[in-house]
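[1] what's the 3D shape of this:
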Amino acid sequence: MEVEMTEKTPDDTVEGWYTAPMHVLFNQLGSLCTRFNRRIKGTQFQQHFVQTVVSTLRGFSFPLLYLTGMLFPKHFWSTARHDPSAILGVMPVSTYKSRTYNDGFSSLLQQSRTYATVSSSSTSTDHNFVSHLFDTLANKTMSGLDSRDFKRKGFRVSPSSENGIELGEGDDSKLNQSLDSTQAARNLAAGSQYVGFDVFVTLTLNASKHPGVCHLYKWKESMGWTKHVENWDYLTDEQKYEVKQSFEMAYTCILNRNWLETRKLLLDFIIHSARTILGKECLDAFFRDEYQESSANVCHLHGLMSLSKKDMSNEEFKEFICSLQRNAVCDLILSHEIEDYIEEGLLRDLDDWEKFEDTAYEV
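    Down below sits the predicted model:
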């Protein structure tokens, strides 16, 4: 595929036109299809064409400077007042270079996180756009390296990398911050010699009941959002099904973001209020997110907690830990504990306790 561009003189008369293969254009601008010591270099004529495209003409920008805006106009539809070709909110091509803060812009990683997490932007609910962000970071990570290595080993999360990901190892798990078969898991196991964990905690989200996310679930199930879909009543069943599927995908993104924020507050409450909840002060705690392999549900949490023994003997402390285990719904909150829960603000009244038991039976 070739692209054509007409060059004009200052008085708007046509001076000439140029054509160049599209892959040459992209390789001059980015790092597509390049390998170490085998970079594709265009001819002087082709380089002049690219330089013409990415330059400015009489104070105006060329749209190709804002590739993301051209690919996703439904998100980036507004232009600058003084320059109709300058698309607002889009990273210019110059930020795709190797420098982390090129031309004063934030790094690609920081901008990608903003696009994917800001709740007021439509970019956070578009899975195609999020995939584009990952492709951009992956392409930058692969620049100058053999793509066959990445195909064989894949990527892994790297907090120290400017792109957030790096070349993985052969025994790495999938692209997440999992501790399976990694050095971090071995470090945790070795640390148990010095920090003995006493309680294993599992937290699973009930989207219809949990504070912080239940309002999203109720809004989705109420179907009230269909009032904002144009001509909803006149759509066919098949069209309504497609709209529902699209809404479900957008809902999942927002649900995950709200749950990640809610679970942080929940963990802070559990760790710093362990004396109130468990009866003992929490000395050390380790929690991790875990995702189901074959489903698109939000993550659940696994955690280890070390509690203060103080003057208790090992046998007394063992009995205390065993007392925390409740194997039946009727034992979750014992009758003599209800008043204490109400005083601590964990329950509002007896009706709240009955609702708690009903939910436990339902689960």
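
[2] the strands in the stretch 251-363 of the chain, which residues?
    282-290, 300-307 (DSSP state E, counting those that start in this stretch).

[3] and among those, the most buried is which?
    strand 300-307 (a mean of 18; mean count of other C-beta atoms under 10 Å). Just so you know, the C-beta spots here come from the backbone N, C-alpha and C atoms, and that holds for glycine as well.

[4] quick one, that one and strand 282-290 angle?
    Going by axes from the mean of the first three to the mean of the last three C-alpha atoms, to 10 degrees, strand 300-307 is angled at 170 degrees with respect to strand 282-290.

[5] circling back: could I get the strands of the stretch 251-363 of the chain as CSV with mean pLDDT?
    Listed next are the strands of the stretch 251-363 of the chain as CSV, based on pLDDT from 0 to 100:
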stretch, mean pLDDT
strand 282-290, 84
strand 300-307, 85
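
[6] What values do phi and psi take at residue 210?
    Residue 210 adopts backbone torsions of phi -70, psi 130, taken as degrees, to the nearest 10.

[7] I'd like a version of the strands of the stretch 251-363 of the chain in TSV, one that adds distance to residue 236 as further columns.
    As requested, the strands of the stretch 251-363 of the chain are exported to TSV (distance: least, C-beta to C-beta, whole Å):
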stretch	distance to residue 236
strand 282-290	40
strand 300-307	38
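
[8] so which of those comes closest to residue 207?
    strand 300-307 (11.9 Å; C-beta to C-beta).

[9] Sheet-wise, list the partners of that closest one with their directions.
    Under the criterion DSSP bridges, strand 300-307 sits next to strand 199-203 (antiparallel), strand 282-290 (antiparallel) in its sheet.

[10] that older thread, show me the one of the strands of the stretch 251-363 of the chain that comes nearest residue 211.
    Once the strands of the stretch 251-363 of the chain are compared by C-beta to C-beta, strand 300-307 is nearest, at 15.7 Å.

[11] could I get the strands paired with strand 300-307 as CSV with distance to residue 140?
    Formatted as CSV, the strands paired with strand 300-307 follow (distance: least, C-beta to C-beta, whole Å):
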stretch, distance to residue 140
strand 199-203, 36
strand 282-290, 26
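
[12] Of the ones you listed, give the one that comes closest to residue 323.
    So among the strands paired with strand 300-307, strand 199-203 is nearest, using C-beta to C-beta, at 11.8 Å.

[13] For this protein, which segments count as helices?
    Secondary structure of the chain (DSSP state H): helices at 22-29, 44-53, 67-71, 108-117, 127-142, 147-153, 183-191, 214-222, 237-272, 274-277, 314-323, 338-343, 350-362.

[14] Kindly spell out which helices and strands sit in contact with the longest one.
    The one in question is helix 237-272. In this structure, helix 237-272 packs against helix 127-142, strand 199-203, helix 214-222, strand 282-290, strand 300-307, with contacts taken as 3 or more C-beta pairs under 8 Å, 6 or more residues apart in numbering; DSSP states H and E.

[15] Give the buried residues for that helix.
    244, 247, 250-251, 253-259, 263, 266-267, 270 (16 or more other C-beta atoms under 10 Å).
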